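Participant: Predicted model, plus sequence, below.
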Amino acid sequence: MLGYTITQWLFGILSFLAIMFALMVVFTRNPVNSVLYLVLTFFCIAGHYLLLNAQFLAVVHIVVYAGAIMVLFLFIIMLMNLNADTEPRKHIVTRVIAGLVGGVLLFVMVGALKGAEQLQLVHGGSSQIGLVKNLGKVLFSEFLFPFEIASVLLLAALVGAIMIGKRDTNINSKESTN
Amino acid sequence: MCAAVFLLSLGVAAYATLWERKFAAFLQDRKGPSRAGPAGLLQPIADGVKMFMKEEIIPNVSNRSLFILGPCLFMVTAVMTSVVIPWAKPMMIGGHMYDLQITDINIGTIYLLGVVSIGVYGIMIGGWASNNKFALLGAVRASSQMISYEIAMGIALIALIISSGGSLSLKDIIEGQDKGFANIVWQPLGFLIFFICALAETNRAPFDLPECETELVGGYHTEYSSMKLGLFLFAEYINMFISSAIMAGFYFGGYNFPFASELYASLGLHEGDWLISLIGFGAYFTKIVLFICLFMWVRWTLPRFRYDQLMNLGWKTLLPLSLLNLALTVVVEYFRGNIHF
């Protein structure tokens, strides 16, 4: 078909959908719809992982982002009952500046990625690297140190979240005893 | 194969509704539905026709498209989980071995977790789009409950995978129980955690707080009527069937049973005979039915939890227990020689 392989067609369709849903995240008024479009964007990105033969990454991506983080987003939005009516309208100057800054960021990223296809991959690896067995082996041998650093970072974030949650209850209990 | 599994899920779910009512009647010393057909056997069909014929009401204040999307999504994710379950040993048809499984992906276990975690969107979207306080509360309860119990469930699964040889494929996990013991012998605590979490994930009593009728009218499906309500209720039974299949497969050997190879040898069967597949499927199905009965027994025996009790159980009991189970599993497997440092 038009000289493209099926993989290229899938890549094109997935990319189109991902960008379209990402735009819808920004353009929809209703925060709940935004979150749902973001979930669809994550599914498209998971599709890209599948095209790269990285099934494990694809499913973990869905479990973590769509299944956990986005559910919490949706949870909070529903709990606070945010609607289009309650959304604060920003001043026109703020909006123009925000648009400009976003545009410049896009420009920078396009510029940075231009010519990226000529770069040599440092860790080429095989096409099987995304499968869970190979990925686990590489993570726990060659990249053990970065992996552990990342886990310490996550642990710190966890402890931080718990501390923030704890402080509130302490204040409340002090107020109630006073 | 796809169609067969789909029809099997739907058929089992339909008759599980009847069996649930019969079972409840038995526990409460009643007769249960007995008018539609012999011994009430046509009751599920009558219920289905009733659901389709009822007037459909979509509230004016609801978000129409999301209101319709909610039950559809819930049903689709319920059916999607059955894709990775191997139902019986491979069968020889015309010189080819056919797996009796829709697909054997090497990340089957994580796929299951993924689909389960997507399943909550159906409830959340439906509950929110109804634009009703009770429905919203039900949806919020459902999402926080499912997220809380997914964690303990995932850690229990990690322990299971370590002790069953390290493969994430459901087929490998079940085949690994062919020789020797079923996984329940090595993972008794893990099974208990998994079972409790499965009760919570399927929103079954005593964890059915999202639809707790004494507080929330009907919970997340308060505003639903006709077959959309039917989809929500029906998907619960499919979820129950699939989670029974998963538990029977993960912890009780699936289509394997004690002295299976001796039985096959004495019958003179070879690998790939359709009778082996049939007997194996029969064994698997028996275990699944027993688990469904256990689900119902629990529902009609235990009273509903309070919401704070539910959260305490999930975070302060099951999560530490599952971590303890994981640590114990690693130690045990080290001495069994399955883990090398």
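Facilitator: Sure, I can see it.

Participant: Quick check: B:Ile196 vs B:Ser65, distance?
Facilitator: According to CB to CB, to the nearest Å, B:Ile196 and B:Ser65 sit 36 Å apart. Glycine gets a C-beta too; all of them are placed from N, C-alpha and C.

Participant: between those two, which one's more packed in?
Facilitator: B:Ile196 (22 against 11; other CB atoms under 10 Å in any protein chain shown).

Participant: Near residue 69, how many other residues are there?
Facilitator: Looking at chain A here, since you left the chain open. A:Ile69 has 13 nearby residues by other CB under 10 Å.

Participant: nope, chain B
Facilitator: Count around B:Leu69 with other CB under 10 Å applied: 17.

Participant: Chain A against chain B: which residues are in contact?
Facilitator: Residues of chain A found near chain B (CB under 8 Å from any CB of the partner chain) are A:32, A:36, A:39, A:55-56, A:59-60, A:62-63, A:66-68, A:71-72, A:74-75, A:78-79, A:81, A:131-133.

Participant: Swap in 6 Å and give it another go.
Facilitator: A:Gln55, A:Phe56, A:Val59, A:Ile62, A:Val63, A:Gly67, A:Val71, A:Leu74, A:Phe75, A:Met78, A:Leu79, A:Val132 (CB under 6 Å from any CB of the partner chain).

Participant: Just put those in TSV and tack on secondary structure, neighbour count and pLDDT.
Facilitator: Shown next, in TSV, are these (DSSP: H, G, I helix; E, B strand; the rest coil; neighbours: other CB atoms under 10 Å in any protein chain shown; pLDDT from 0 to 100):
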residue	secondary structure	neighbour count	pLDDT
A:Gln55	helix	20	82
A:Phe56	helix	19	84
A:Val59	helix	26	86
A:Ile62	helix	25	88
A:Val63	helix	22	86
A:Gly67	helix	26	82
A:Val71	helix	23	84
A:Leu74	helix	25	83
A:Phe75	helix	19	82
A:Met78	helix	21	79
A:Leu79	helix	13	77
A:Val132	helix	21	77
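
Participant: Closest one to B:Tyr224 out of these, please.
Facilitator: Closest to B:Tyr224 out of the residues of chain A next to chain B is A:Met78 (17.3 Å), distances taken as CB to CB.

Participant: Nearest residue to the closest one in space, ignoring adjacent ones along the chain?
Facilitator: Counting by CB to CB, 6 or more residues apart in numbering or on different chains, B:Trp128 is the residue found nearest to A:Met78 once chain neighbours are left out, at 5.2 Å.

Participant: any weak-confidence spans in the stretch 101-250 of chain B?
Facilitator: Counting by pLDDT under 70, the ranges of the stretch 101-250 of chain B that qualify are B:212.

Participant: Mind picking the two most distant members of the residues of chain A next to chain B?
Facilitator: A:Leu79 and A:Val132 (35.5 Å).

Participant: picking up where we left off before, name the SS class of the residue nearest to A:Met78, please.
Facilitator: Of the three states, B:Trp128 takes helix according to DSSP: H, G, I helix; E, B strand; the rest coil.

Participant: Now do the residue of the stretch 1-150 of chain B found nearest chain A against B:Ser82, distance only.
Facilitator: For the stretch 1-150 of chain B and chain A, the shortest gap (CB to the nearest CB) falls at B:Ser117, measuring 2.7 Å. Going from B:Ser117 to B:Ser82 by CB to CB gives 17 Å.

Participant: got it, and A:Leu36?
Facilitator: In terms of CB to CB, A:Leu36 sits 25 Å off from B:Ser82.

Participant: And B:Ala14, by the same measure?
Facilitator: Relative to B:Ser82, B:Ala14 is positioned 15 Å away (CB to CB).

Participant: Which one's more surrounded, these two?
Facilitator: Each of B:Ala14 and B:Ser82 has its neighbours counted (other CB under 10 Å); B:Ser82 has more, 21 against 18.

Participant: Can you name the residues that contact that one?
Facilitator: With contact set as CB atoms under 6 Å, 6 or more residues apart in numbering or on different chains, B:Ser82 has these partners: B:Val5, B:Ser9, B:Ile242.

Participant: and those residues as a markdown table, adding secondary structure, neighbour count and distance to B:Phe26?
Facilitator: As requested, these are exported to a markdown table (DSSP: H, G, I helix; E, B strand; the rest coil; neighbours: other CB atoms under 10 Å in any protein chain shown; distance: CB to CB, whole Å):
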| residue | secondary structure | neighbour count | distance to B:Phe26 |
| --- | --- | --- | --- |
| B:Val5 | helix | 17 | 30 |
| B:Ser9 | helix | 21 | 25 |
| B:Ile242 | helix | 26 | 25 |
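
Participant: How about the one residue in chain A that gets nearest to chain B, nearest residue that isn't a chain neighbour?
Facilitator: Using CB to the nearest CB, the single residue of chain A nearest to chain B is A:Gly67, 2.7 Å away. Nearest residue to A:Gly67, sequence neighbours excluded (CB to CB, 6+ apart): B:Ser117, at 2.7 Å.

Participant: Packing partners of the helix or strand hosting the one you found?
Facilitator: Per DSSP states H and E, B:Ser117 falls inside helix B:108-129. Applying 3 or more CB pairs under 6 Å, 6 or more residues apart in numbering or on different chains; DSSP states H and E, one finds that helix B:108-129 contacts helix A:55-61, helix A:70-80, helix B:64-80, helix B:133-163.

Participant: Check whether A:Gln128 really touches A:Lys137, as I assumed.
Facilitator: No: with contacts counted by CB atoms under 6 Å, A:Gln128 stays clear of A:Lys137, the gap being 10.9 Å.

Participant: Next up, the contacts around residue 71.
Facilitator: I'll assume chain A. Counting by CB under 6 Å, 6+ apart, A:Val71 has contacts B:Val120, B:Ser143.

Participant: not what I meant, chain B
Facilitator: B:Gly126, B:Lys228, B:Leu231, B:Phe232.

Participant: 10 Å instead, please
Facilitator: B:122-123, B:125-126, B:221, B:224, B:227-235 (CB atoms under 10 Å, 6 or more residues apart in numbering or on different chains).

Participant: List just the nearest of these to chain A.
Facilitator: Using CB to the nearest CB, the contacts of B:Pro71 come closest to chain A at B:Ile125, 7.3 Å.

Participant: Might one say that that closest one is in contact with B:Ala139?
Facilitator: Yes: the criterion here is CB atoms under 10 Å, and B:Ile125 meets it with B:Ala139 at 8.0 Å.

Participant: and those two? which has more neighbours close in?
Facilitator: Per other CB under 10 Å, whichever of B:Ile125 and B:Ala139 has more neighbours is B:Ala139, with 30 against 27.
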